[in-house]
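Chemist: I'd like to go over a predicted model; first the sequence, then the structure.
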Amino acid sequence: MNFGLSEMLFVAFLGLLFVGPKRLPGVAREIGSWISEFKRVTGGFHTQLMREIQIVETSKRLPAVPRTCSVANVVSDVPPVPQVESVAIPLSPGESV
């Protein structure tokens, strides 16, 4: 919502008519604080909404995980571990087993 110079002058004129010149600065500050609070609240809502949309879109792109997944299926897919021969490591002269 953009205001041009003529709209701003019209609002200032209406403010002078209805509020008066003494109370106009205080009323303008109060309205400004309301607007900034409104922007802060709606900005947080917008951020949360965009985050939720991103989560939903990401979950749609990920492949579906089968619900019948079991440990037996996972273990059968793992290749066997190769056997390693034991190696003797010589000890230092002062060490014992």
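Modeler: Great, that's in hand.
Chemist: what segments of this structure are helices?
Modeler: Applying DSSP state H to the chain gives helices spanning 5-18, 24-61, 71-77.
Chemist: so which other helices or strands are in contact with the first one?
Modeler: Think helix 5-18. helix 24-61 (3 or more Cβ pairs under 8 Å, 6 or more residues apart in numbering; DSSP states H and E). From N, CA and C alone the C-beta is placed, and that goes for glycine too.
Chemist: what's the angle from the helix it packs on to helix 5-18?
Modeler: 130 degrees (axes from the mean of the first three to the mean of the last three Cα atoms, to 10 degrees).
Chemist: tell me what helix 24-61 is packed against?
Modeler: Using 3+ Cβ pairs under 8 Å, 6+ apart, helix 24-61 is in contact with helix 5-18.
Chemist: ok now the helix it packs on, how far from the chain's centre?
Modeler: Chain-centre distance of helix 5-18: 40 Å, with Cα atoms, centre = their mean, to the nearest Å.
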